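Trainee: Make a model of this:
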Amino acid sequence: MLGVDEIILEEGRTKDSLENMHTKPILEIILLKDEKTLITAGRDSKICVWNLNRKMLVASMTDHKSSVTALSISNDEKFMVSGASDGVIIVWLTHNWVKLSELDHDETLIDVEEILIS
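Mentor: Numbering: from 1, shown residues only. Now for the predicted structure:
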């Protein structure tokens with residue numbers, strides 16, 4: 001399996017993929033059960049979804065306005081929850097990586113596991 005650095009250094013990506021990579025340190029990483037989808041989140045407020053088999057960026061979500069400090073996937077992998085240092089929580093649909101809802105929390109999030117209901 002490839003690491004994130006190997007994906008970033010791999011040749012043949014589109015200009016769009018290069019422009020949407022993380023520009024600051026990665027804080028959270030999740031590998032889905034299919035072992036080909038890797039999700040990264042970082043201080044640059046981005047969440048990136050990588051296809052390890054194709055060695056490319058699949059989606060880049062920029063809805064957070066501060067460091068993404070927490071990620072969690074539901075047991076059925078249909079939903080992802082992300083939390084940021086400004087207290088914003090976002091629920092995502094994983095089949096198309098679209099934002100389902102957004103909530104405000106009154107403190108920095110380190111763990112969003114309890115938000116997900118399997």
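Trainee: Please make it C-alpha for all contacts and neighbour counts, starting now.
Mentor: OK.
Trainee: which ones are touching the residue nearest to Arg43 when sequence neighbours are not counted?
Mentor: For Arg43, ignoring the flanking residues on the chain, the nearest one in space by Cα to Cα, 6 or more residues apart in numbering is Ser67 at 4.0 Å. Shown in contact with Ser67 (Cα atoms under 8 Å, 6 or more residues apart in numbering): 42-46, 84-86.
Trainee: now the residue nearest the centre of the chain, nearest residue through space, not along the chain?
Mentor: The residue lying closest to the centre of the chain (Cα atoms, centre = their mean) is Ile47, at 3.4 Å. Counting by Cα to Cα, 6+ apart, Ala41 is the residue found nearest to Ile47 once chain neighbours are left out, at 4.4 Å.
Trainee: pLDDT at that neighbour, what is it?
Mentor: What the model reports as pLDDT for Ala41 is 94.
Trainee: For it, name its beta-bridge partners.
Mentor: Here Ala41 shows beta-bridge partners Glu28, Ile47, assigned using DSSP bridges.
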